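Trainee: with the input below, show me the fold.
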Amino acid sequence: MKIRIDRLRFGTAGIPLSTPKPSTITGIQRVRELGLDAMELEFVRGVNISPEMAKKIKYVAQRHDVLLTAHAPYYINLNAAEKSKVEASKKRIIQSAERLHEAGGWSVVFHAGYYLKQPPETVYEKIKNEIKDIVRQLQDKGIEIWIRPELTGKPTQFGELKELIKLSQDVEMVLPAIDFAHAHARDKGKLNTAEEWREMLSLIEQELGREALDNMHIHVSGIHYTEKGEKHHLNLQESDLRWEDLLKVLKEFRVKGVVISESPNIEGDAILMKKKYERIKL
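Mentor: Numbering: from 1, shown residues only. As a prediction, the model looks like this:
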């Protein structure tokens, strides 16, 4: 059963850095102590939580009202030439979704793949069919959480906004994960004004309906980029991202869901954004 989202929540990409004796459970407790209300489980190097531990995590997260998301492993390419790599990629996404589901989570994000110098339309069809199969396998197991291909930070990666919107139209249980720092880097410094963000959110609402804005999975950080796109993440105040204007636009559009801070100082920027967001008067 899909979780109903009541507001825009703010949280960390992984266990807060200030967590004493860091573990997923102490991380959730620390998120709550910091006044935050979401946390992304970082499965980036592998799904490292057992089904038994997932049940304990679910109990703690629900008790502290912390919404859980997950980032599937980085090593995923649904457009790989080798069938074995595609199958391994699908398995990683499915495992991430299974474990998140057992932990009472809501939404699993992943980088879908690379173009590998192929026509974008061909790559789209291939990735769409693989994601359809992932969703079918999860539904066969009774798992219903959002599957989120991410808006990626380099033009060589599959995942620009219109592709993700089309995927969301073509495959059930799929919605985009919108990484605003990646969008900014992918477009070499564009997508950094209130007007451009309004256009993005208007397009999402127009094509996917209000449900998409009521269930947004957002990543925000500062970002260093070059002509080739994303280089590495920065803290918000060390970057050129107009994050305060972005928060105003999110409030203007009454967006619900999660904003996950992927800055190096993960909880610092999550707290900064949450406090700023709460002070915005429209």
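
Trainee: so who does Val255 touch?
Mentor: Val255 sits next to 8, 201, 213-214, 216, 218 when contact means Cβ atoms under 8 Å, 6 or more residues apart in numbering. Every residue, glycine included, has its C-beta placed from N, CA and C.

Trainee: any idea how far Gly268 is from it?
Mentor: 22 Å (Cβ to Cβ, to the nearest Å).

Trainee: before we move on, what about Asn129?
Mentor: 41 Å.

Trainee: next: Ile147.
Mentor: 30 Å.

Trainee: count of residues packed around the closest residue to Lys228 other than its chain neighbours?
Mentor: In this structure, Lys228 finds its nearest non-sequential neighbour in Lys154, 6.3 Å apart by Cβ to Cβ, 6 or more residues apart in numbering. A total of 17 residues lie near Lys154 under the criterion other Cβ atoms under 10 Å.

Trainee: just put the contacts of Val255 in JSON lines and tack on distance to Pro51.
Mentor: Shown next, in JSON lines, are the contacts of Val255 (distance: Cβ to Cβ, whole Å):
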{"residue": "Leu8", "distance to Pro51": "31"}
{"residue": "Leu201", "distance to Pro51": "37"}
{"residue": "Leu213", "distance to Pro51": "33"}
{"residue": "Asp214", "distance to Pro51": "30"}
{"residue": "Met216", "distance to Pro51": "29"}
{"residue": "Ile218", "distance to Pro51": "29"}
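
Trainee: out of those residues, who's the most crowded?
Mentor: Highest count within the contacts of Val255 by other Cβ under 10 Å belongs to Met216, 24 neighbours.

Trainee: was I right to think that one contacts Ser168?
Mentor: No: the criterion here is Cβ atoms under 8 Å, and Met216 misses it with Ser168 at 11.8 Å.

Trainee: need the residues touching each of those two.
Mentor: In contact with both Met216 and Ser168: Leu175, using Cβ under 8 Å, 6+ apart.

Trainee: need the helices for the stretch 101-250 of the chain, in chain order.
Mentor: Applying DSSP state H, counting those that start in this stretch to the stretch 101-250 of the chain gives helices spanning 120-140, 161-170, 180-186, 194-208, 210-214, 243-252.

Trainee: where does this protein have low pLDDT?
Mentor: The model of the chain has pLDDT under 70 over residues 1.

Trainee: which residue ranges of it form strands?
Mentor: Remark: strands assigned in the chain by DSSP state E are 8-13, 38-42, 67-71, 107-110, 146-149, 177-179, 216-220, 222-226, 229-234, 257-261.

Trainee: reformat these as a markdown table; add distance to Leu161.
Mentor: As requested, the strands of the chain are arranged in a markdown table below (distance: least, Cβ to Cβ, whole Å):
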| stretch | distance to Leu161 |
| --- | --- |
| strand 8-13 | 20 |
| strand 38-42 | 21 |
| strand 67-71 | 19 |
| strand 107-110 | 15 |
| strand 146-149 | 11 |
| strand 177-179 | 8 |
| strand 216-220 | 13 |
| strand 222-226 | 16 |
| strand 229-234 | 14 |
| strand 257-261 | 16 |
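
Trainee: could you say which one of these comes nearest to Asp245?
Mentor: If you check each of the strands of the chain against Asp245 by Cβ to Cβ, strand 216-220 wins as the nearest, at 12.0 Å.

Trainee: partner strands of the closest one and their direction?
Mentor: Strand pairing for strand 216-220, using DSSP bridges, gives strand 177-179 (parallel), strand 257-261 (parallel).

Trainee: quick one: closest of the ones you listed to Val135.
Mentor: strand 177-179 (15.3 Å).

Trainee: what's in contact with the closest one?
Mentor: 107, 109, 148-153, 161, 200, 204, 216-220, 262.

Trainee: go on, stretch 234-243?
Mentor: Stretch 234-243 has contacts (Cβ under 8 Å, 6+ apart) with 180-181, 184, 189, 192-194, 220-224, 263-265, 268-269, 272-273.

Trainee: picking that back up, the residue nearest to Lys228 and Glu230 touch, don't they?
Mentor: Yes: counting by Cβ under 8 Å, Glu230 is a contact partner of Lys154 at 5.5 Å.

Trainee: so what sits against both of the two?
Mentor: Contact with both Lys154 and Glu230 is made by residues 185-186, according to Cβ under 8 Å, 6+ apart.
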